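Peer 1: Show me how the following folds:
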Amino acid sequence: MKNTSIRFTKARLESIKHTDKLQKFFDLACEGLSLHVQPKPSLTKSYYASWGIKSTKADGKQKTSGRQRYICRFNQKPLEVVKRLINIKLPEWKKSNETSGGQTVETLVIDYINNGAGGYRIKSKGSKLKYKDKTTSHYRYLLDAYVLGNTEKQQLLDTLNGPYKLAENNYYKKSLPKILLKELSRSDVQIWHQKLEQRPTAANKALAALSVVFEWDSSKLKPMFKGINPCLRILKYPEKKDKKYIDDFEKVTNIVKYTDEQHWRDPHFLTFYRLLMEEGERLEDHYGLLWKKPINKTDEKDCTGWIDFRTKSLHLKDTKNREPADVELTDEMLVILQKLQYLVSEENSNASFAVGSRWVFPRATDPSQHVNENSYRVKLRNFHYKMGLTTREYVRGKGKRKVYKYTNHLTLKHLRKTFVTYYGRDKGLEAASIRMRHSSME
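Peer 2: Okay, here's the model as predicted:
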C-alpha cells in the first residue's frame with residue numbers, strides 16, 4: 001500500500017492510474033481529505049476523511065492509530081463540496097472518536113485505559129478499594145494485547161484478526177475492537193473468547209479485564225454502551241493449577257548446604273533464593289525490601305517491606321489480602337542476611353556494588369533501583385542447572401562456545417509451594433493454611 005501527499009485538483013486526481021496495490025493519496029491543502037485508489041480489477045476511487053487518535057499502551061508509550069470515514073465516490077460530488085464537508089465535520093468526528101458512524105469497542109477500551117484504569121474496584125465488599133498498581137498494569141496489558149491487538153506476536157494477531165469457523169462454509173469475520181457498541185452482542189464477545197481457546201488462562205483473564213471495562217462504563221453518567229455487560233454468563237475455560245514444587249528432599253538439603261557454604265559467590269541472589277525458601281512469601285513482596293523501616297511516608301510507599309533485626313522478623317506491607325504481615329525469620333536466615341550486610345560493606349566482594357543502597361536486593365546495573373522479575377532470570381537458570389532442576393539441550397558450537405537450549409522445570413514462584421508443602425507435612429494442613437494467611441482451608 002502506497003501513501004502519497006499531493007495537492008488535490010480534479011485533473012490531478014483523474015490522472016492517477018490504478019495499480020496492483022491499494023494507493024492512498026492525502027491532500028496537502030485540506031486536513032483529513034484522502035483519496036483511496038483501489039487496485040485492479042476494482043478500478044474505483046473514493047473520497048475518505050482520515051485522522052489519527054493517540055492512545056497510551058500498557059507500557060506507558062504513546063501510540064497513534066488511524067481512523068477513516070467514507071465520504072463518496074470520486075466525481076460523485078464536486079471536490080470543493082467534499083473539502084467543505086470535511087472542514088465542518090472533521091473536528092466533530094475527532095472529538096467523538098467515531099469510526100464508520102459510531103463508537104466501537106476499541107473506543108471504549110482506550111477510554112478506560114486513559115481514564116478508568118487505576119480507579120476503585122468495581123466489585124468489592126464494603127468500602128471503596130483501589131486497584132493495586134500491579135493489577136492496573138496487568139489489566140492494561142491484557143486489554144492492549146488481547147482486545148486491541150497491540151502485540152508483536154504474529155500468531156496471536158492471526159488468531160484475533162483471522163476468520164472463525166462457526167459451521168461448514170460459515171465463517172465469522174468480525175474483529176472485536178472494530179465492532180460498533182450499538183451493534184455489539186454477547187455472541188461477539190463469546191466468539192472472541194473462543195478464538196483464544198489455545199490460551200485458556202490468558203483468555204479468562206482478558207475476559208475478566210474486558211468485563212471490568214463494561215462495568216466501569218455502566219457506572220458513568222453517560223455510558224458509551226447502552227445495555228447489559230456482554231461479558232456476563234460467558235463460561236470460562238478450566239485452568240490447570242500449577243502445583244509443582246521441589247519434591248526431592250535431598251535436593252532441598254543440597255540447596256541449603258550450597259547457599260550456606262558458597263554464599264560469597266553470589267550473595268544477593270543466593271540470599272534472595274534462600275529467603276523465599278525459608279519463609280515462603282510471595283515473590284513480588286521481596287523485590288522492594290528495605291534494610292530498615294523507612295522514616296517517611298514516601299519511602300514507605302515505594303517499598304514492599306523491611307527487615308526488623310530487633311524482632312527477628314520481616315515486615316511486609318502489601319500482601320495479597322492488603323493487610324500488613326510480620327513474618328518470623330529463622331536463625332539460619334538471620335545469619336545469611338547478616339553475612340550479606342557484611343559482604344556489602346567489604347571492599348572488592350561480590351556484593352560491594354550495593355554499598356550505600358537502601359534496598360536489600362538492588363539491581364547490579366543500578367543500585368538505586370530494586371530488582372524486578374527479570375533481574376535473576378539467567379542466574380536462576382544456571383543455579384537450577386547446577387542443582388539438577390533445569391535440563392539443557394545442545395544446539396550448536398564447539399569447545400567453550402557451545403550454545404544450549406535450557407528448559408526450566410521450576411521457577412522462583414515454586415519456592416512458595418515448596419515451603420508450604422514441607423511446612424504442611426510437618427505442622428499439618430490447618431497450620432499451613434494459617435501460616436500462609438489463606439482466606440479458607442480450600
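
Peer 1: Checking residue 36 next. Helix, strand or coil?
Peer 2: strand (DSSP: H, G, I helix; E, B strand; the rest coil).

Peer 1: Run through the residues that contact the spatially closest residue to it that is not a sequence neighbour.
Peer 2: Spatially, and ignoring its direct neighbours in sequence, residue 36 is nearest to residue 46 (5.0 Å; C-beta to C-beta, 6 or more residues apart in numbering). Every residue, glycine included, has its C-beta placed from N, CA and C. By C-beta atoms under 8 Å, 6 or more residues apart in numbering, the contact list for residue 46 reads 35-36, 38, 70-74.

Peer 1: List the pairing partners of the one helix or strand residue 46 maps to within its sheet, with orientation.
Peer 2: Taking DSSP states H and E as the definition, residue 46 sits inside strand 45-56. Strand 45-56 has its sheet partners listed here by DSSP bridges as strand 33-37 (antiparallel), strand 62-73 (antiparallel).

Peer 1: Now do the buried residues in that strand.
Peer 2: Neighbour-count burial for strand 45-56, counted by 16 or more other C-beta atoms under 10 Å, picks out 45, 47-51, 55.

Peer 1: Just the CA trace of that strand, in PDB.
Peer 2: Extracted as PDB, the C-alpha positions of strand 45-56 are listed here (Å, rounded to 0.1, in the frame of the first residue of the first chain):
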ATOM      1  CA  LYS A  45     -11.600   5.800  -6.500                       C
ATOM      2  CA  SER A  46     -13.200   7.100  -3.300                       C
ATOM      3  CA  TYR A  47     -13.000  10.100  -1.000                       C
ATOM      4  CA  TYR A  48     -12.400   9.400   2.700                       C
ATOM      5  CA  ALA A  49     -11.900  11.500   5.800                       C
ATOM      6  CA  SER A  50      -8.800  10.300   7.600                       C
ATOM      7  CA  TRP A  51      -7.400  11.300  11.000                       C
ATOM      8  CA  GLY A  52      -5.400   9.800  13.900                       C
ATOM      9  CA  ILE A  53      -6.100   9.100  17.500                       C
ATOM     10  CA  LYS A  54      -3.500   9.000  20.200                       C
ATOM     11  CA  SER A  55      -3.700   6.300  22.900                       C
ATOM     12  CA  THR A  56      -1.500   5.100  25.700                       C
END
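
Peer 1: Report the mean confidence score over that strand.
Peer 2: Average pLDDT, strand 45-56: 77.

Peer 1: element containing the nearest residue to residue 149 once chain neighbours are set aside, please.
Peer 2: Leaving aside its chain neighbours, residue 149 sits nearest to residue 160 (5.1 Å; criterion: C-beta to C-beta, 6+ apart). Element membership for residue 160, per DSSP H and E: helix 154-161.

Peer 1: Relative to residue 50, how far out is residue 366?
Peer 2: Distance, residue 366 to residue 50, by C-beta to C-beta, to the nearest Å: 43 Å.

Peer 1: I misspoke; the intended subject was residue 268.
Peer 2: Noted for residue 268: a distance of 53 Å to residue 50, by C-beta to C-beta.

Peer 1: Same check on residue 290?
Peer 2: Separation of residue 290 from residue 50 (C-beta to C-beta): 52 Å.

Peer 1: circling back to that earlier point, give me the residues contacting the helix holding residue 160.
Peer 2: By C-beta under 8 Å, 6+ apart, helix 154-161 touches 145-146, 149, 151, 175-176, 192, 195-196, 198-199.

Peer 1: Same question for stretch 169-183.
Peer 2: With contacts defined as C-beta under 8 Å, 6+ apart, stretch 169-183 is touched by 99-109, 147-149, 160-161, 163-166, 188-189, 191-192, 224-226.

Peer 1: how deep is residue 186 tucked in, by neighbour count?
Peer 2: 15 (other C-beta atoms under 10 Å).

Peer 1: Spatially nearest residue to it, not counting backbone neighbours?
Peer 2: Computed as C-beta to C-beta, 6+ apart, the closest residue to residue 186 that is not its neighbour in sequence is residue 230, at 4.4 Å.

Peer 1: any idea which element the one you found lies in?
Peer 2: Per DSSP H and E, there is no helix or strand for residue 230.

Peer 1: ok, it - contacts?
Peer 2: Residues near residue 230 by C-beta under 8 Å, 6+ apart: 184-186, 188-189, 214.

Peer 1: Which stretches in the stretch 301-442 of the chain count as strands?
Peer 2: With strands called from DSSP state E, counting those that start in this stretch, the stretch 301-442 of the chain shows them at 305-308, 313-316, 325-328, 390-396, 403-408.

Peer 1: now the first one, how far from the centre of its chain.
Peer 2: Just to be clear, that refers to strand 305-308. Distance of strand 305-308 from the chain centroid (C-alpha atoms, centre = their mean, to the nearest Å) equals 29 Å.

Peer 1: Which element, helix or strand, includes the residue nearest to the spatial centre of the chain?
Peer 2: Centroid-nearest residue in the chain, with C-alpha atoms, centre = their mean: residue 141, separated by 3.4 Å. Secondary structure from DSSP H and E places residue 141 in helix 133-142.

Peer 1: Check which residues of that helix are buried.
Peer 2: Buried residues in helix 133-142 (16+ other C-beta under 10 Å): 136-137, 139-142.

Peer 1: Mind giving me the packing neighbours of that helix?
Peer 2: If you count contacts as 3 or more C-beta pairs under 8 Å, 6 or more residues apart in numbering; DSSP states H and E, helix 133-142 packs onto helix 200-218.

Peer 1: Please work out the angle formed by the directions of the helix it packs on and helix 133-142.
Peer 2: Here helix 200-218 runs at an angle of 100 degrees relative to helix 133-142 (axes from the mean of the first three to the mean of the last three C-alpha atoms, to 10 degrees).

Peer 1: What separation is there between residue 434 and residue 441?
Peer 2: Separation of residue 434 from residue 441 (C-beta to C-beta): 10 Å.

Peer 1: So between those two, which is more surrounded?
Peer 2: residue 434 (12 against 9).

Peer 1: Tell me how far the more buried one lies from residue 145.
Peer 2: In this view, residue 434 and residue 145 are 38 Å apart by C-beta to C-beta.

Peer 1: Can you check the pLDDT for residue 363?
Peer 2: With respect to pLDDT, residue 363 scores 94.

Peer 1: I'd say it and residue 375 touch.
Peer 2: Yes. Using C-beta atoms under 8 Å, residue 363 is in contact with residue 375, at 5.9 Å.

Peer 1: measure stretch 69-78 end to end?
Peer 2: End-to-end distance of stretch 69-78 (C-alpha to C-alpha, to the nearest Å): 18 Å.

Peer 1: How far does that stretch sit from its chain's centre?
Peer 2: What separates the centre of stretch 69-78 from the centre of its chain is 42 Å, taken as C-alpha atoms, centre = their mean.

Peer 1: Many thanks, I have nothing further to ask.
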